[in-house]
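Student: quick one, what's the 3D model for this:
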Amino acid sequence: MDNKGQKLPIDQTQIPEHLEQMVVLLKEEELNAELDSTGPCMEYLLQHKLLDTLYSLGRTDHPPGMKQIVLQFFTKLLSRLKQPILAHVSVHRAVNRLVKACGEVQAAPTESEEIQFLCTVCSLIKSTPYLVNFFIEVPKLNSDARKTSLTKDAPRPETGAGHMAQSADIPANSPDTRTTHITSPNTANGPCSTGRNFSLMNSLLSLSHSADSRVAVKACEGLMLCSSLPEETAASWIIHDTRFCTEMTQRLIEAYLKLPAFISPADLENAEAKWGLDVITESEDHKTFLGKRHLVSFLSWLDYCDQLISIANPMVAKSLAKSIRELFLNVIMEPSVLQASEAGATLATAYLNRCLRTVCSPELLSEFCFFILGHERLPEQIGETTPEIRHRLIERCNHLSEELSLVTLKLFDTLLQKDDEHIMHNLVLRNLLGRNYYKVTPVVSEEVNSAQDKEDNSKTPNDTSLGKEDNIKQDSKEKPSVNRSSSRTEVHKIVNCFLALLPEQLKSSYQTADSGYDMYLRDAHKQYRHICEMTDPWSWPKEPVVIKRFVVDDFYEGAFLRMLLDKMSHLLEQSYPVNLQLTSVVARLALLPHPNLTEYLLDPFLPVTDGTRTLFAVFQKLSSEIRNKLHAQSDLSQQLVNVRRQLMGTSTNLHHKNPYRKTTRYQTRYEDQNQLEAIIVMEEFCKELSAIAFVKHHSEVNRPS
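Tutor: This next block holds a predicted model:
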């Protein structure tokens, strides 16, 4: 203090220089000291509790600016010295007290120093996880309180999101998701509920709300370090005694409720957001599209939660994923997706699809899958409507609104790309594992087989009357059936069946230098290799199997497969964008290396039970319908060529190159334009399926026995 009794600012004193010199002396002493020995300077620091004194001065900010200098000193001391001094009581006691002083004041002038200090502490704990116990405080109880605590302290349930749902004050059945009340994070269940305090996590949570994006990002990095600690005690305290899971979910909800009420599908699909320092200003927001800033903010926070869950302690990851499911998906997202308004449901489904594209961590992906599809794994029954969101989404694929139908198909397309076995099992496999679609045929002599093979080579197979072609299969109810495509002749017959579905006069690719299915082989090889790598851990069988618990009296393909087959049968009546998306979904299913699904979708010669539809049977019926409808048109071939050129972008009358582009007055359309486009889609899809069948066969032949 000066001679007038006024406090001098810290920069007008010699304290900063003295503290810096102290760090230099301690570092030099450490370099010159013997291994595992403590020098006199360090002994003095520890015995005289200098760190406690410095904390007291920093806590009161005396002289003004002292807190900033103390934070810098603690940071340098902990980061520069190699000695494990944090385990010493004189050090961790003062450090913990200083940790609790961080984040107390929003937008404090010492925020940068506070977060630098906290991150230094986090890095030390990450390298030596047991040190985290020094930052967990348990309240001291007197004898009477201890007895009461022992009588009431029953085993805790997994708190997760159920516990947080109460603290978040979000109603279980919120009528309007865009006006749902969200409680402030400061009122969420915190350490005061039990008296136990995890000071490091609480300070980091406070600083994660900083208006300074650099401070907020560093605080989030610190939270990731703490949540990834292997110590089960720390994980349990993060879940039960901090606001961590609640705040993470609430901030996701708050960001979602700020999303624009209208956004073009193209803008939503192309929006890229990764958690970090990428911030869009309000002026940039108006230059692109209105609401982009809020969209990027939401996707960035979802990406952060996903990254955090992927590296977090399994207990913390499970709890946070459950919190997002129960507070965000169930309470906010589900009513939005199921709303009666077509525009609102379309937008909500598009947002759900964009969320699903962002999520990669196994725990959070599982929660999204269970939210959309439910937990059921036994065969689906006809008329089954639970869970409601799965039932409604499948129904909407056939909705009168093309936009709603298209965005729902895209959602299922995204689902099928995800690395989660439950998706494939729930949507398709659970109704195929009983192999009830397969019609067992009696074994006949080789001569009959040979004669039948010759006959089948000269005609296109029928879906219900070709049982003799499958004679080399044994009864799969006794053991897995022999692979029918064991010879190259077999796979060529399958390839030719798909390629011959359309008559030559209805094929336009030959006249545009786009013939054959060879162009699809490279993509099919690459995609199939990637899918096999994804599905290998799932231990799928190599041959068609029958699993008793999936055997039912009458075959039902399931709501999802039935919807796809129905839409394929109406290919001529649907728009080009819908048909493209539909064939994309079916192609993803055809690529899956499960033998039951492969034979059901790709084997034209498969003998099936009465009333069973296969993909090839649907194509046969569609091909016949095309012949009947369009055979009288004399210039049909030229029309198909013109339309193909338009779709390829080589015609002046280009249209539908972008599914969201509207037709202008300069673009001419034929009266039956949709049907012509559908024929082209079918022609190309048959090539794609042929390539997939060939690639699967090639992989099967080269598979090590």
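
Student: centroid residue for the protein?
Tutor: Val359 (2.4 Å; Cα atoms, centre = their mean).

Student: that one and Leu257, how far apart?
Tutor: Applying Cβ to Cβ, to the nearest Å, the value for Val359 to Leu257 is 19 Å. (Each C-beta comes from the backbone N, C-alpha and C, glycine too.)

Student: same thing with Glu363?
Tutor: From Glu363 to Leu257 the distance is 24 Å (Cβ to Cβ).

Student: which one's more surrounded, these two?
Tutor: Glu363 (21 against 15; other Cβ atoms under 10 Å).

Student: isn't the more buried one up against Ala317?
Tutor: Yes - if you go by Cβ atoms under 8 Å, Glu363 and Ala317 touch, sitting 4.7 Å apart.

Student: need the residues touching each of these two.
Tutor: Ile309 (Cβ atoms under 8 Å, 6 or more residues apart in numbering).

Student: can you get me a residue count around Met201?
Tutor: Counted with other Cβ under 10 Å, Met201 comes out at 26.

Student: the helix or strand that contains it - what's its average pLDDT?
Tutor: Here Met201, judged by DSSP states H and E, is contained in helix 199-207. Helix 199-207 shows a mean pLDDT of 95.

Student: got the contact list for that helix?
Tutor: 96, 99-100, 102-104, 106, 111, 114-115, 118, 121-122, 125, 132, 135, 137, 185, 190-191, 215-216, 218-219, 222-223, 226, 237-238, 242-244, 247.

Student: how about a cut-off of 7 Å?
Tutor: Residues outside helix 199-207 that contact it (Cβ atoms under 7 Å, 6 or more residues apart in numbering) are 96, 99-100, 102-103, 111, 114-115, 118, 121, 135, 137, 191, 215, 219, 222-223, 226, 238, 242-244, 247.

Student: residues contacting the closest residue to Lys49 other than its chain neighbours?
Tutor: In this structure, Lys49 finds its nearest non-sequential neighbour in Ser90, 5.6 Å apart by Cβ to Cβ, 6 or more residues apart in numbering. Contact partners of Ser90, counting by Cβ under 7 Å, 6+ apart, are Leu46, Lys49, Leu51.

Student: just name the closest of the residues you listed to Asp36, please.
Tutor: Nearest to Asp36, judged by Cβ to Cβ, of the contacts of Ser90 is Leu46 at 15.3 Å.

Student: ok, that closest one - contacts?
Tutor: His88, Ser90.

Student: got the buried residues for the helix or strand harbouring it?
Tutor: For Leu46, the host element (DSSP H and E) is helix 40-47. Neighbour-count burial for helix 40-47 flags Cys41, Met42, Leu45, Leu46 (criterion: 16 or more other Cβ atoms under 10 Å).

Student: residues in contact with the helix or strand that that helix is followed by?
Tutor: Downstream of helix 40-47, the first helix or strand assigned by DSSP H and E is helix 50-60. By Cβ under 7 Å, 6+ apart, the residues outside helix 50-60 that reach it are Met66, Lys67, Val70, Leu71, Phe73, Ser90, Val91, Arg93, Ala94, Arg97, Leu98, Ala101.

Student: now, of the residues you listed, which are buried?
Tutor: Buried among the contacts of helix 50-60 (16+ other Cβ under 10 Å): Met66, Lys67, Val70, Leu71, Phe73, Ser90, Val91, Ala94, Arg97, Leu98, Ala101.

Student: for the fourth one, phi and psi?
Tutor: What it means is Leu71. Backbone torsions of Leu71, given as degrees, to the nearest 10, read phi -60, psi -40.

Student: helix or strand: which one has the nearest residue to it once chain neighbours are set aside?
Tutor: Using Cβ to Cβ, 6+ apart and skipping the chain neighbours, the partner closest in space to Leu71 is Glu113 (3.9 Å). Using DSSP H and E, Glu113 maps to helix 111-127.

Student: report the buried residues of that helix.
Tutor: Applying 16+ other Cβ under 10 Å to helix 111-127 flags 111-122, 124-126 as buried.

Student: next secondary structure after that helix?
Tutor: Next along the chain after helix 111-127, taking DSSP H and E as the criterion, comes strand 136-137.

Student: how far does that next one sit from the chain's center?
Tutor: Relative to its chain's centre, strand 136-137 lies at 35 Å (Cα atoms, centre = their mean, to the nearest Å).

Student: neighbouring strands for that strand, and are they parallel or not?
Tutor: Strand pairing for strand 136-137, using DSSP bridges, gives strand 197-198 (antiparallel).

Student: so the residue nearest to Lys49, which state does it fall into?
Tutor: Classification of Ser90 using DSSP: H, G, I helix; E, B strand; the rest coil returns helix.

Student: low pLDDT regions in the stretch 1-150 of the chain?
Tutor: 1-6, 140-150 (pLDDT under 70).

Student: now with 90, please.
Tutor: Residues of the stretch 1-150 of the chain meeting the criterion pLDDT under 90: 1-13, 30-39, 61-63, 82-84, 105-107, 136-150.

Student: the longest helix anywhere in the chain - what's its average pLDDT?
Tutor: Criterion DSSP state H: the longest helix present in the chain is helix 673-701. Helix 673-701 shows a mean pLDDT of 93.

Student: flag every buried residue along it.
Tutor: In helix 673-701, the ones that count as buried by 16+ other Cβ under 10 Å are 673-698, 700.

Student: please name every helix or strand in contact with it.
Tutor: helix 488-499, helix 518-535, helix 576-591, helix 595-602, helix 636-648 (3 or more Cβ pairs under 7 Å, 6 or more residues apart in numbering; DSSP states H and E).

Student: distance between that helix and the chain's centre?
Tutor: Per Cα atoms, centre = their mean, the centroid offset for helix 673-701 relative to its chain is 29 Å.

Student: taking helix 636-648 as reference, get the angle to that helix.
Tutor: 80 degrees (axes from the mean of the first three to the mean of the last three Cα atoms, to 10 degrees).

Student: Lys82 versus the residue nearest to the centre of the chain, what's the distance?
Tutor: Val359 is 40 Å from Lys82, by Cβ to Cβ.

Student: how many other residues sit next to Glu104?
Tutor: 11.

Student: for it, helix, strand, or coil?
Tutor: Glu104 is classified as coil under three-state DSSP.

Student: now the nearest residue to it once chain neighbours are set aside: how far from Phe560?
Tutor: Leaving aside its sequence neighbours, Glu104 sits nearest to Ser206 (Cβ to Cβ, 6+ apart; 7.4 Å). Using Cβ to Cβ, one obtains 46 Å as the distance from Ser206 to Phe560.

Student: do Pro260 as well
Tutor: 31 Å.

Student: ramachandran coordinates for the residue lying closest to Asn596 once chain neighbours are set aside?
Tutor: Nearest residue to Asn596, sequence neighbours excluded (Cβ to Cβ, 6+ apart): Leu432, at 4.4 Å. Main-chain dihedrals, Leu432, degrees, to the nearest 10: phi -110, psi -20.

Student: and if you look at Trp540?
Tutor: Dihedral angles for Trp540 - degrees, to the nearest 10 - are phi -70, psi 150.

Student: and if you look at Val608?
Tutor: Torsion angles, degrees, to the nearest 10, at Val608: phi -120, psi 160.

Student: so where do the helices sit in the stretch 401-550 of the chain?
Tutor: Remark: helices assigned in the stretch 401-550 of the chain by DSSP state H, counting those that start in this stretch are 402-416, 421-427, 446-457, 488-499, 518-535.

Student: export those as TSV, with columns for mean neighbour count, distance to Phe298 and mean pLDDT.
Tutor: Shown next, in TSV, are those (neighbours: other Cβ atoms under 10 Å; distance: least, Cβ to Cβ, whole Å; pLDDT from 0 to 100):
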stretch	mean neighbour count	distance to Phe298	mean pLDDT
helix 402-416	21	17	97
helix 421-427	20	24	97
helix 446-457	12	56	45
helix 488-499	18	43	83
helix 518-535	15	28	93
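
Student: so which of the ones you listed is nearest Asn32?
Tutor: Asn32 sits nearest to helix 518-535 of all the helices of the stretch 401-550 of the chain, at 54.9 Å, using Cβ to Cβ.
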